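**Student:** One predicted model, sequence on top.
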Amino acid sequence: MESIGLIAGGGQFPMLFARRAKEKGIAVHAAAYINEASLSLEEHVDSIQWLHLGQVTKLLKFFQRRGVTRAVMLGTVKKTRIFTDIKPDLKALAFIATMGHTHDDGIMRAFADLLGKEGITICPSTMLLPDLISPKGCWTRKKPGRAAKKDIETGWHIAGEIGRLDIGQCVVVSNGTVLAVEAADGTDATIGRGGSLSRGGAVVVKRCKPGQDLRFDLPSSGVRTILAMVKSGVDVLVLEAGKSLSFDRREMIDLADEKGISIVAMGEEDF
């Protein structure tokens, strides 16, 4: 039977992948991060190894025992866990020593290279789920107004710059002013911070980092994103078409329509 490795963090992406693989007759061997991946993942994979961040040797030995030669990296890992819940082994320490910085994309690309040297190729995260890729266009009944369009353009370029610096993927803008920039606290917290500073009419832009390795860490959104916007009074969500993931898309759109929120997926060619 064809098989694949799954390096699983939090959120629904690992579960969706495992289910789709099962539908296609592909065996899934999951290396799942403790306190991140869902415990119920065990029910949807052929074998599982629970591990802490930094247990690289344990991950490699698990995949090698299962004959895994290709894998995907899916799901979230809270950046704050890097300071509280990491147990690096000797291989991880050697890996860290070679890193000149701790930027997300650089670490993940270097980690993928490390696995490649051990005979495990990292595949695109969407290889079995291309339907999660955000399609271009306005998804909702409500379209952004004139003022929002100006903020969209501002937010698009600012998001590109913070992405280029590998700071984050998301910004909140209102009336030409950047209200919040994503940091280690994540998208929902960024929306909350930005919304608390606006009096309605704010725009959140979430886009891919320039030069992003499209195998992993694509910006993603879902119903939780819309709920955070509703709670914070943010009116417009802008995603990057073709380079971002949208979970529960139908539910996202229905909730946005109910709450009078606009969702738009755009590309560089729109500016």
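**Tutor:** Cool, the structure landed.
**Student:** hang on, A32 in a strand?
**Tutor:** Yes - remark: A32 belongs to a strand, assigned using DSSP: H, G, I helix; E, B strand; the rest coil.
**Student:** Now for it, how many residues are close by?
**Tutor:** 23 (other Cβ atoms under 10 Å). Glycine gets a C-beta too; all of them are placed from N, C-alpha and C.
**Student:** What of F271?
**Tutor:** 10.
**Student:** Would you check how far apart it and K149 are?
**Tutor:** Distance of F271 to K149, given as Cβ to Cβ, to the nearest Å: 11 Å.
**Student:** if I pick the residue nearest to D46 when sequence neighbours are not counted, what's in contact with it?
**Tutor:** Spatially, and ignoring its direct neighbours in sequence, D46 is nearest to A27 (4.5 Å; Cβ to Cβ, 6 or more residues apart in numbering). Contact analysis of A27 by Cβ atoms under 8 Å, 6 or more residues apart in numbering lists 1-4, 21, 46.
**Student:** who's A27 bridged to?
**Tutor:** S3 (DSSP bridges).
**Student:** What confidence value was assigned to the spatially closest residue to E182 that is not a sequence neighbour?
**Tutor:** With sequence-adjacent residues excluded and distances taken as Cβ to Cβ, 6+ apart, E182 is closest to G168, at 3.0 Å. pLDDT recorded at G168 is 88.
**Student:** Just to check, G168 is in contact with T190?
**Tutor:** Yes - proximity of G168 to T190 meets the contact threshold set by Cβ atoms under 8 Å, at 7.4 Å.
**Student:** Identify the contacts common to the two.
**Tutor:** In contact with both G168 and T190: 181-183, using Cβ under 8 Å, 6+ apart.
**Student:** The residues you listed, buried ones only, as a ChimeraX selection?
**Tutor:** The ChimeraX selection below is limited to those of the shared contacts of G168 and T190 classed as buried (16 or more other Cβ atoms under 10 Å):
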select :181,182
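**Student:** pLDDT-wise, what's the bottom of the shared contacts of G168 and T190?
**Tutor:** A183 (86).
**Student:** burial of the closest residue to that residue other than its chain neighbours, as a residue count?
**Tutor:** Distance criterion Cβ to Cβ, 6+ apart; nearest residue to A183, sequence neighbours excluded, is G168 at 5.9 Å. Counted with other Cβ under 10 Å, residues neighbouring G168 total 23.
**Student:** So G168, which state does it fall into?
**Tutor:** Quick answer, by three-state DSSP: G168 is coil.
**Student:** Run through the residues that contact it.
**Tutor:** Residues near G168 by Cβ under 8 Å, 6+ apart: 162, 181-183, 190.
**Student:** could I get these as JSON lines with secondary structure and distance to G242?
**Tutor:** Below are the contacts of G168 laid out as JSON lines (DSSP: H, G, I helix; E, B strand; the rest coil; distance: Cβ to Cβ, whole Å):
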{"residue": "I162", "secondary structure": "helix", "distance to G242": "20"}
{"residue": "V181", "secondary structure": "strand", "distance to G242": "24"}
{"residue": "E182", "secondary structure": "coil", "distance to G242": "21"}
{"residue": "A183", "secondary structure": "coil", "distance to G242": "26"}
{"residue": "T190", "secondary structure": "helix", "distance to G242": "23"}
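**Student:** and which of these is nearest G145?
**Tutor:** T190 (22.5 Å; Cβ to Cβ).
**Student:** I'd say the closest one and A180 touch.
**Tutor:** Yes - under the criterion of Cβ under 8 Å, T190 makes contact with A180 at 4.9 Å.
**Student:** Can I get the helix or strand where R250 lies in PDB, CA atoms only?
**Tutor:** Using DSSP states H and E, R250 sits within helix 249-259. Output of helix 249-259 as PDB, limited to C-alpha atoms (Å, rounded to 0.1, in the frame of the first residue of the first chain):
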ATOM      1  CA  ARG A 249     -15.400  27.900   3.200                       C
ATOM      2  CA  ARG A 250     -19.200  27.500   2.800                       C
ATOM      3  CA  GLU A 251     -19.700  28.100   6.600                       C
ATOM      4  CA  MET A 252     -17.300  31.100   6.400                       C
ATOM      5  CA  ILE A 253     -19.300  32.600   3.600                       C
ATOM      6  CA  ASP A 254     -22.700  32.000   5.300                       C
ATOM      7  CA  LEU A 255     -21.600  33.500   8.600                       C
ATOM      8  CA  ALA A 256     -20.000  36.500   6.800                       C
ATOM      9  CA  ASP A 257     -23.200  37.100   4.800                       C
ATOM     10  CA  GLU A 258     -25.200  36.900   8.000                       C
ATOM     11  CA  LYS A 259     -23.000  39.400   9.800                       C
END
